[in-house]
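[1] Output the structure for:
(2 chains, ligands or ions: 3)
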Amino acid sequence: MNVITNVEEKATEKVWEPKIIAFLCNWCSYAGADLAGVSRIQYPPTVRVIRVMCTGRMNPSFVIKAFQNGADGVLVAGCHPGDCHYIQGNLYARRRYSILAGLIEFLGIERERFMMSWVSASEGGKFAKVVTELTDRVKKLGPQNQLRRP
Amino acid sequence: MSKEGIKSEIIDLLKSGKIKSFVGYEKGTNPFFLRPLITSSVEEVKKADFSVLCVSNLVRYVIDDFKIALPRGKTRDSRPIAVVVKGCDSRAVNVLLQEHIIKRSDVFLIGMPCNGVIDPKAAESLWYERNKTHDPTKIRISNEGMFEIADGKEEIKLADFDEIESEKCKVCMHNNPVIYDELVWDKVDDKKVTRGERYKKVDDYEKLDPEKKWLFWSDEFSKCIRCYGCKNICPLCYCEECTLAKDKEKAVLPNEKIWKTSWIDKEVNFSNNVAYHMNRAMHLAGRCVDCGECERACPVDIPLRLLYTKVEKDIYERYGYESGMDSEVKPVLATFDINDKEEFIEG
Ligand code: SF4
Ligand code: SF4
Ligand code: FES
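    Numbers count the residues shown, from 1 in each chain, chains lettered A, B, ... in the order given. Ligands and ions are numbered 1, 2, ... in the order given. Model (predicted):
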């Protein structure tokens, strides 16, 4: 009996770890994340990667939906301007997300939870750095409850 | 041209079959508001009126016309619709042209230069407060103000025009239609509103700290009942099926979940409300012409214009673009510049 309650207590005591959804473009950032793994660079296991073909394919509603479904932070990463596999996808995305970022800030949603970055296929280290930074920021803020669905 | 001149021109056009219908304004039962008049009969056109009570944006009816389901074998009458447009409405037409939703030949634009229309709600409440006769037929509203016709010819001033002018008109920068075929009366002088004045309210809200902002907006968004009035009245929400108001689809394949979820759920709860409004603001980024119809339609008075003006401001400041000014240029989010600012991108 005692043992069981102890175990249960242990389970509920579990420290909160942020959930970060990372939308990575197939051709650069996903490969970058892969490289980070292959070269055994340490980065927090908080991140759940969703591969999209290009940041240009990213609808801003993906970010909003991620927050609704309980993400504590959202990362959007793609190729550097000029390097996009589809030539201009990330340039459209840049315009789109500049507006979304302003909107998030205007509504008073914690802006630090959303991050956009350019990570190329050779930048494994940068990917690790970006994820670490976002994790730190989100840890400071605690769980995201503003947009979470009941 | 004059009011009568334009009416007889419309009548001529209708008689000769050059236009298929006329969308304008006529007097209804509400003295603070001219209701939309949609007609193809010559007699009805004679009832048309043009004044500071022309509040609604009629461009909505042009796109609604495209949605009418036709009986099999019938094709759409492709003659133009004559529609009355103010400055803001004409910019909505430009956006529709820009996005190839309508062709220029689908509309005959009757431009109505305006120095501001009234806010029917504000005018009505002031009238209740200040009137003496309690007779809503004895009222005259013009761009000098609101008057009560007491006895015979005598008039009592109830309110200045400033007091009853709608908020959007106070900060309007394009008083004259930017695209038109015919004008109801001569062009008016622009009000010379500066960008600073226009975005003052947004600036004030931007200065609040995040907690205050969130408190304000979460209060507002929790009021939303998702009647979709705002999207139904918007001249630029023309999609046949709105992705923000989509029913969940029943799954077809056996390995799918029973209901496919949509990107924005239809259930009314706080989280979905915020998502709805964020998405709507994104969908109108670089398109909203600030005609203020959404805010007027909203039954719970959510300050939607504030939200969309913020987006408008960002777009103006970042990309120097203003919606609906030119039907030839590409929409701002459908194009890019390799040197766009990217201070928000980290790492
Ligand atoms: S969002 Fe509102 S103000 Fe903007 S165009 Fe649509 S109805 Fe007009
Ligand atoms: S009109 Fe108002 S209440 Fe209705 S959906 Fe729009 S914001 Fe919500
Ligand atoms: S393919 Fe990487 S951003 Fe377009």
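[2] near ligand 3, which residues of chain A show up?
    If contact is defined as C-beta under 6 Å from any ligand atom, the residues of chain A in contact with ligand 3 are A:25, A:27-28, A:54-56, A:78-79, A:84-86, A:89-90. In short, each C-beta sits where N, CA and C put it, glycine included.
[3] Put the buried members of those residues into a PyMOL selection.
    Taking 16 or more other C-beta atoms under 10 Å in any protein chain shown as the burial criterion, the selection of buried members of the residues of chain A next to ligand 3 in PyMOL is written as:
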select buried, chain A and resi 25+27+28+54+55+56+78+79+84+89+90
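[4] which of the residues of chain A next to ligand 3 sit farthest apart?
    Comparing all pairs in those by C-beta to C-beta, the longest separation belongs to A:28 and A:56, at 12.4 Å.
[5] Find the residues that touch each one of the two.
    With contacts defined as C-beta atoms under 8 Å, 6 or more residues apart in numbering or on different chains, the residues shared by residue A:28 and residue A:56 are A:78, A:84.
[6] What residues does residue B:22 make contact with?
    Listed by C-beta under 8 Å, 6+ apart, the contact partners of residue B:22 are B:10, B:14, B:37, B:38, B:39, B:40, B:44, B:45, B:48, B:81, B:82, B:83.
[7] Tell me the buried residues within the residues you listed.
    B:10, B:14, B:37, B:38, B:39, B:44, B:45, B:48, B:81, B:82, B:83.
[8] Helices - which of those residues land there?
    Using DSSP state H, the members of the buried ones among the contacts of residue B:22 that fall in helices are B:10, B:14, B:44, B:45.
[9] List the residues that contact the third one.
    Contacts of residue B:44 were listed using C-beta under 8 Å, 6+ apart, and they are B:22, B:26, B:37.
[10] My reading is that the second one is in a strand; is that accurate?
    Yes - using DSSP: H, G, I helix; E, B strand; the rest coil, the secondary structure at residue B:26 is a strand.
[11] Let me know the pLDDT of it.
    According to the prediction, residue B:26 has pLDDT 93.
[12] ok, now how distant is the nearest residue to it once chain neighbours are set aside from residue B:305?
    By the measure of C-beta to C-beta, 6 or more residues apart in numbering or on different chains, the closest residue to residue B:26 outside its immediate chain neighbours is residue B:37, 3.9 Å from it. The span separating residue B:37 from residue B:305 equals 26 Å under the rule C-beta to C-beta, to the nearest Å.
[13] same question, residue A:39
    Here the criterion is C-beta to C-beta. By it, residue A:39 lies 51 Å from residue B:305.
[14] neighbour-wise, which of those two wins?
    residue B:305 (23 against 10; other C-beta atoms under 10 Å in any protein chain shown).
[15] was I right about residue A:68 contacting residue A:147?
    Yes - applying C-beta atoms under 8 Å as the test, residue A:68 and residue A:147 come out as touching, 5.3 Å apart.
[16] Quick check, pLDDT for the closest residue to ligand 2 within chain A.
    Using C-beta to the nearest ligand atom, the closest approach of chain A to ligand 2 is made by residue A:107 at 14.1 Å. In the predicted model, residue A:107 carries a pLDDT score of 95.
[17] got the contact list for it?
    Under the contact definition (C-beta under 8 Å, 6+ apart), the residues listed for residue A:107 are B:213, B:214, B:217, B:274, B:278.
[18] how near is it to residue A:114?
    From residue A:107 across to residue A:114, the span is 12 Å (C-beta to C-beta).
[19] what's the following helix or strand after whatever helix or strand residue B:147 lives in?
    Following DSSP states H and E, the helix or strand that holds residue B:147 is strand B:145-149. Sequence order places strand B:155-160 as the next helix or strand after strand B:145-149, per DSSP H and E.
[20] What residues sit buried inside that next one?
    Of the residues in strand B:155-160, those buried (16+ other C-beta under 10 Å) are B:158, B:159.
[21] Off-centre distance for it?
    Strand B:155-160 sits 28 Å away from the centroid of its parent chain (C-alpha atoms, centre = their mean, to the nearest Å).
[22] partner strands of that strand, parallel or antiparallel?
    Strands adjacent to strand B:155-160 in the sheet, as given by DSSP bridges, are strand B:145-149 (antiparallel).
[23] ok, residues contacting the partner strand?
    Strand B:145-149 is contacted from outside by B:118, B:123, B:126-127, B:131-133, B:138-141, B:155-161, B:163-164, using C-beta under 8 Å, 6+ apart.
[24] Now the buried members of these.
    Among the contacts of strand B:145-149, those buried by neighbour count (16+ other C-beta under 10 Å) are B:118, B:123, B:126, B:127, B:131, B:138, B:139, B:141, B:158, B:159, B:161, B:164.
[25] wait, isn't the fifth one in contact with residue B:150?
    No - with contact defined as C-beta under 8 Å, residue B:131 and residue B:150 do not form a contacting pair (9.7 Å).
[26] Run the chain-centre distance for the helix or strand harbouring residue A:115.
    Using DSSP H and E, the secondary-structure element containing residue A:115 is strand A:114-118. Distance of strand A:114-118 from its chain centroid, counting by C-alpha atoms, centre = their mean, is 8 Å.
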